[in-house]
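task: produce atomic coordinates for the following.
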Amino acid sequence: MSVVTAPWGEASEILRTAGVAEDDSYYREFTDEDEKAALTVAMRIQAAWAANDPDAFADTFAENGSLLMQDRQLMSREEIRSYMAENFAGPLRGARVKGWPVEVKFLDDDVAMFVTEGGIMFPGDQDIRPERLIRATWVIVKRESGRLELVSHQSSPVKG
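A predicted model of the protein is given here:
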């Protein structure tokens, strides 16, 4: 009996390798194996925020990955790492993010795009405050090695 592997990988294995606990409820209606695999990128980002770990955060990105954080455009993994290290040690210390997917699309065999909704929660927050609710667009690539990398992440406030 042969085992069929989803082209984008097995979500449980991707997360286990990254040291991230899988939250099956995160996937919502996006339960196709490829959808789940692509969404592991967002779960890895959430885990990095929860740990305030700039290395885990940045290592989710491609080397030339792009992150728009508020009004700051970061254009490489190292810029992202430096920015997050500074902020996790300062104004984002103890902050975490929470989110969920609202759309998942595969643009070709090696590129996925999804939209999430969520936001930043600071210490003491029990949920996302309405003024911090955002929608984010994620562009993910699947490398020849099978590694999934975040190429571009941009978020915008839902209100305001």
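
any chance you could map the strands in the protein?
61-69, 72-74, 96-108, 111-121, 133-142, 148-157 (DSSP state E).

what angle separates the third one from strand 133-142?
Going back to what we said before, that points to strand 96-108. Strand 96-108 and strand 133-142 meet at an angle of 50 degrees, taking axes from the mean of the first three to the mean of the last three Cα atoms, to 10 degrees as the criterion.

do the same with the last one
What separates the directions of strand 148-157 and strand 133-142 is an angle of 160 degrees, with the same axes, to 10 degrees.

show me what strand 148-157 is packed up against.
Helices and strands touching strand 148-157, by 3 or more Cβ pairs under 8 Å, 6 or more residues apart in numbering; DSSP states H and E, are helix 33-51, strand 61-69, strand 133-142. C-beta here means a position set from N, CA and C on the backbone, and glycine is covered the same way.

which outside residues touch the last one?
With Cβ atoms under 8 Å, 6 or more residues apart in numbering as the contact definition, strand 133-142 has outside contacts at 7-9, 38, 41-42, 62, 99, 102, 109-119, 148-159.

that one pairs with which strands, parallel or anti?
Strand 133-142 sits in its sheet next to strand 111-121 (antiparallel), strand 148-157 (antiparallel), going by DSSP bridges.

pLDDT on the longest one, on average?
Per-residue confidence for strand 111-121 averages out to 97 on the pLDDT scale.

can you pull the buried residues of it?
112-114, 116-121 (16 or more other Cβ atoms under 10 Å).

could you export those residues as a markdown table, including distance to Gly19?
Converted to a markdown table, those look like this (distance: Cβ to Cβ, whole Å):
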| residue | distance to Gly19 |
| --- | --- |
| Ala112 | 22 |
| Met113 | 26 |
| Phe114 | 22 |
| Thr116 | 21 |
| Glu117 | 26 |
| Gly118 | 21 |
| Gly119 | 24 |
| Ile120 | 22 |
| Met121 | 22 |
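
now for these, which pair is the farthest apart?
Greatest spatial distance among these (Cβ to Cβ): Ala112 and Met121, at 26.1 Å.

any weak-confidence spans in this protein?
By pLDDT under 70, the low-scoring segments of the chain are 1-6, 160.
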